[in-house]
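# Pasting the sequence and the predicted model now:
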Amino acid sequence: MDTLLSVENLTVKFRLRQGDLTAVDNVSFTLGRGERLGLVGESGAGKSVTGFSLINLISKPGFIDSGSIRFEDIEITRLSDTAMRKVRGEKISMIFQDPMMTLNPVLTIGTQMIETLRAHVGCSRRQAEAIALENIRKVHIPSPEKRLKQYPHEMSGGMRQRIVIAIALMASPGLIIADEPTTALDVTIQAEIMDLLLELCATEGVGLILITHDLAVVSQVTQRIAVMYAGRIVETGDTQQIVHRPKHPYTQGLLAALPQHSNRQNRLNQIPGVMPSLIKIPPGCSFHERCDLCQDLCREQIPQLNEKSSGAHVACHLAE
Amino acid sequence: MDTTHAHNAAASSATPLLETVNLVKHFDISGGLLDRIQWRGSNLEFARTVVRAVNNVSLSIAKGETLSVVGESGCGKSTLARTVLGLYPPQSGQVLYRGERIDNLSPQQMLPYRTKMQMVFQDPYASLNPRMKVREILEEPVRFHHKEKSRSEVKDRVAEVMKQVGVCPDWGERYPHEFSGGQRQRISIARALVVDTEFIVADEPISALDVSIQAQILNLLMDAQEQRSLTYLFISHDLSVVEHISTRVAVMYLGFLCELAPTEELFTNPRHPYTQALLSAIPQLGAPSQDHIRLSGDVPTPINLPPGCVFHGRCPHADKRCRREIPAFLASGDTTLVACHGVEEGRI
Ligand SMILES: Nc1ncnc2c1ncn2[C@@H]1O[C@H](COP(=O)(O)OP(=O)(O)OP(=O)(O)O)[C@@H](O)[C@H]1O
Ligand SMILES: Nc1ncnc2c1ncn2[C@@H]1O[C@H](COP(=O)(O)OP(=O)(O)OP(=O)(O)O)[C@@H](O)[C@H]1O
Ligand code: SF4
Ligand SMILES: [Mg+2]
Ligand SMILES: [Mg+2]
C-alpha cells in the first residue's frame, strides 16, 4: 500500500498561564492510501488536537512545536493559509461530532453544497447541482431533490451528519478525518452512519482516520488502531490483534474494564486513578502511576514505541 | 407480571418499593399569548404546543433491584425520572412509594421521602454547588434531614460515607472544580448516600466519563447497593452497561414503554421490533460489523405523536391496525411486558 499520510515526531503544545501544555507528544504514524485508522484513548489524551494538526487548524495559544506531517508530497506544517485552505477543500475533509460545525444554519443544504463545490472545483452551477444531488444519493437520503431545498434545522441529527458526509465527499478527498462523528447520535443511527462511512471508504477509495473513545465502534470500522494516552501513542497495530491481544497495560486495562456477557452483575475490572495533567506529565512512562507492573525503570525513562514480537508497536518497558 | 397495585398493604413484601401507574407528563411550550397566535385560513387561533414526553407509563420497582430505562435521545427517560422523584408534577397518573401515593403531596409532606429518594446526575459539575467545599456539600443534607444529629455526629456520618466511596478525607476542604469528572461523580454519589437513602435515580451517571473511570463508578454503585440493599432506577443509553448492572430493563420510545423484561430475557429474546433493532445496532467488540436491523424513517417528535403505535413509521412489521390503535402493554410470557400488536397477534 503506498503511503498517503506520514506523521513524524509531531509535538503540539498550548502556551497557558500555568505553563506549556503538551497535548501531542512526539507522535508518529502513517496511513496508507484507502486505509482506515482508529485513534482511541481517554478524554483529553490528544486525539482531537492530533486530528486538527493534520489540517493545520491549531490556533493560538496552540502551536505545532516540532515534527513533520506529509500528505501525499505536501509538507502540511509549512503550508501558507491559502494553500492549506485548498488542501482542506480538496484533499482532506473533516467531520465533527456536531454537524453544525460544518453546516451554515441560514443557508439551505443545496446552496451550501453548490457554493462549496464552485469555490473549490470551479464548475458551473448546473454541474454543481448535479454533483450535489449525486452525493446526497450516495449517503442514502430519501428524496434528495427535496432535501436540497431544506435548512439544517429541519433535519434530524443523523440526517445532518449524512449531509456533512456528503459534503465531505464532494471534492473526492484522499482522506477523511472523522472526530467522534456519532457520539451525539443514538445507536441505531450510529450503526447506519458507520455503515455508510465504511461503504464510502471502500467504493471511493478514501482513507479514514476515525477518532473515538468507543473501542467497539473502532473495532468494526478500522483496520489499524493507535491508542493515545496523555499525548503519546502507547500502542498501535492491527485492529483485531489489539482488541483481542492488547500488549500495553493501559490498553489491556481499558479492554478489561468493559462489561462482559459472562460477568453480569459482578464488579468490573477498573484502572485505578486518573490520567495525569498534560501540564505536568510525570517523568518516565506517563501511565506508570496507574500501572500494576510499574518498576523503577518506568518512573525514569520514557518507553519508546517499539515493535514487539507480535508485530504490534508498544511503548512499554515490560511488554513483549 | 401483576400490573394492578395495592394502595394500602403498607410495606408488605409484595408491595413494590416504587410504582408508577399510567404516569403522564406533558410540557406546554406554547410560550406567551403572542407566540400562540396563529392564522388558520383567515381565522385567528390560539394554538398550544405540547411535548408529550411521558405517556401512560406503568412500572414497578422491587426493593433491592436495579431497573434500567433505555431508549433514544429525547424519548422521555429523564422526564420520567424527574416525575418519579416529584421534581415535575405529573399531568395524570400516580407515583407510589411503598404503596403510598407521593405525586400529590405538599413539599412538607414530601420531606420524609426526600431523604429516602436521591438522584445522581450525568453532569456532576452542574449538580455540585461550586461555592461550597466538598465537606459542606456532604454535610448539608445530613444537617437538613437529621436535625437531631449533633455536629460531631454529622461529621462522623460524612467521614464514614467518604471512606466508603473512596473520597479521600483531604478532599473535604477543596472545591468541586478542583476535581476530575470521575472524582466529582464520586462526590455526588457520596452526597446521595449520606442520608438514609433507599432509592437512587441515576440519570446517565457515567456517560460523561472515560471507560477506565466508568468501571470505577459502576463498581461503587454496585458495592453501595449490596451494602445497603439500595434500589436503583438507572438511566443510560449504553446498552452493555445496562446489561451488566440491571435486574430488569424497560425500553422506551417516544414517551411510551415498549418492553419491560428481566435483563437476560430482554437481551437474549427481545420481542418488540424496536428492542430488536436497538439491540442489533450495539457495536460488538472485535466482531466485524454484523447485519443490524435497518430502520427506515426518522424519529417523530413528541410534539406530533403519530396515531396508533408510536413506532409504526419505522417498524418493518407495521400494518393497518398499528397505524390506528395504540397497543396495550401486555404480558408476553411470564416475566415480560410488551406493547406491540404484532407480538400480541403472534405474527412477530
Ligand atoms: N484551545 C486549547 N487551549 C488549551 N488547551 C487545549 C486546547 N485544545 C485542547 N487543549 C488541551 O489539549 C489536550 C488534548 O485535547 P484533545 O481535545 O485533543 O483531547 P481528546 O483526546 O480529543 O479528548 P476528548 O475525547 O475529550 O475529545 C487536553 O488536555 C486539552 O485540555
Ligand atoms: N422542561 C422541559 N420543557 C419542555 N420540554 C421538555 C422539558 N424537558 C424535556 N422536554 C422534552 O421532552 C422530551 C423528553 O425529554 P427527556 O429529557 O426526558 O429525554 P431523554 O430520554 O432523557 O433524552 P436524553 O437521552 O437526550 O437525555 C424531549 O422532547 C424534550 O425536548
Ligand atoms: S512502562 Fe511500566 S508503567 Fe509504563 S506501561 Fe509499561 S509497565 Fe506500565
Ligand atoms: Mg476530542
Ligand atoms: Mg436525559
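All right, it came through fine. Residues are numbered from 1 along each chain as shown, chains lettered A, B, ... in the order given. Ligands and ions are numbered 1, 2, ... in the order given.

# Which pLDDT value does the model give the residue nearest the centre of chain A?
For chain A, the residue lying nearest the average C-alpha position, counting by C-alpha atoms, centre = their mean, turns out to be A:I211 (2.9 Å). If you check A:I211, the pLDDT there is 97.

# next one: phi and psi at it?
Backbone dihedrals for A:I211, given as degrees, to the nearest 10, come out at phi -100, psi 120.

# same question for the longest helix along chain B, mean pLDDT?
Scanning chain B for the longest helix, with DSSP state H as the assignment, gives helix B:211-228. Model confidence over helix B:211-228, given as mean pLDDT, is 92.

# hmm, the helix or strand where A:C298 lies in reach of ligand 3?
Under the assignment given by DSSP states H and E, the secondary-structure element containing A:C298 is helix A:296-300. Yes - applying C-beta under 6 Å from any ligand atom, one finds helix A:296-300 touching ligand 3 at A:C298. Where you see a C-beta, it was placed from the backbone N, CA and C, and this is true even at glycine.

# Return the list of strands paired to the helix or strand following that helix, each annotated with direction.
Counting by DSSP H and E, the element after helix A:296-300 in chain order, helix or strand, is strand A:306-307. Neighbouring strands of strand A:306-307 in its sheet, by DSSP bridges, are strand A:313-314 (antiparallel).

# Might you list the low-confidence residue ranges for chain B?
Across chain B, the ranges flagged by pLDDT under 70 are B:1-13, B:288-290.

# any chance you could map the helices in it?
Secondary structure of chain B, counting by DSSP H: helices at B:33-36, B:77-84, B:107-116, B:134-145, B:151-164, B:181-193, B:211-228, B:239-245, B:263-268, B:273-280, B:320-324, B:341-345.

# name the helices or strands packed onto the first one?
When contacts are defined as 3 or more C-beta pairs under 8 Å, 6 or more residues apart in numbering or on different chains; DSSP states H and E, helix B:33-36 sits against none of the other helices and strands.

# Can I get it in CSV, CA atoms only?
Written as CSV, here are the backbone C-alpha positions of helix B:33-36 (Å, rounded to 0.1, in the frame of the first residue of the first chain):
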residue,chain,number,x,y,z
LEU,B,33,-50.0,34.8,24.4
LEU,B,34,-48.4,36.4,21.3
ASP,B,35,-46.4,33.3,20.5
ARG,B,36,-49.6,31.4,20.4
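
# about what we covered before: buried stuff in the longest helix of chain B?
Buried residues in helix B:211-228, counting neighbours by 16 or more other C-beta atoms under 10 Å in any protein chain shown, are found at B:211-222, B:224-225.

# Stretch B:280-288 now?
Residues B:280-283, B:285 are the ones in stretch B:280-288 that count as buried (16+ other C-beta under 10 Å).

# Pull the residues that contact it.
Under the criterion C-beta atoms under 8 Å, 6 or more residues apart in numbering or on different chains, residues A:187-188, A:190-191, A:194, A:214-217, A:219-220, A:240, A:243-244, A:255, A:258, B:239-240, B:289-293 lie in contact with stretch B:280-288.

# Mind doing that once more with 6 Å?
The contact list for stretch B:280-288 (C-beta atoms under 6 Å, 6 or more residues apart in numbering or on different chains) reads A:187-188, A:191, A:216-217, A:219-220, A:243-244, B:239, B:292-293.

# Next: stretch B:253-269.
Applying C-beta under 6 Å, 6+ apart, the set of residues contacting stretch B:253-269 from outside is B:52-55, B:57, B:71, B:75-76, B:243, B:246, B:248-251, B:272, B:274-275, B:302, B:310-311, B:335-339.

# so what's A:A168 closest to, chain neighbours aside?
Excluding its sequence neighbours, the residue lying closest to A:A168 (C-beta to C-beta, 6 or more residues apart in numbering or on different chains) is A:S93, at 3.7 Å.

# Distance from the helix or strand the one you found falls within to the middle of the chain?
Element membership of A:S93 [criterion: DSSP H and E] is strand A:92-95. Strand A:92-95 has its average C-alpha position 10 Å from the chain's average C-alpha position, going by C-alpha atoms, centre = their mean, to the nearest Å.

# Residues contacting that strand from elsewhere in the structure, which ones?
Contacting residues not belonging to strand A:92-95 are listed as A:55, A:164, A:168, A:173, A:175-178, A:181 [C-beta under 6 Å, 6+ apart].

# what's the answer for stretch B:238-250, then?
For stretch B:238-250, using C-beta under 6 Å, 6+ apart, the contacting residues are A:259, A:264, B:59, B:65-70, B:236, B:257, B:260, B:262-263, B:266-267, B:282.

# what's the answer for stretch B:196-207, then?
B:78, B:81, B:85, B:115-122, B:192, B:214, B:217, B:230-236.

# anything in it near ligand 1?
No - between stretch B:196-207 and ligand 1, judged by C-beta under 6 Å from any ligand atom, nothing touches; the nearest distance is 12.8 Å.

# Now residue 103: closest residue in space that isn't a chain neighbour?
Just going to use chain A. Among residues not flanking A:L103 along the chain, A:P152 sits closest, at 4.5 Å (C-beta to C-beta, 6+ apart).

# wrong one, I was asking about chain B
When the adjacent residues along the chain are set aside, B:D103 lies closest to B:V95, with 4.2 Å between them (C-beta to C-beta, 6+ apart).
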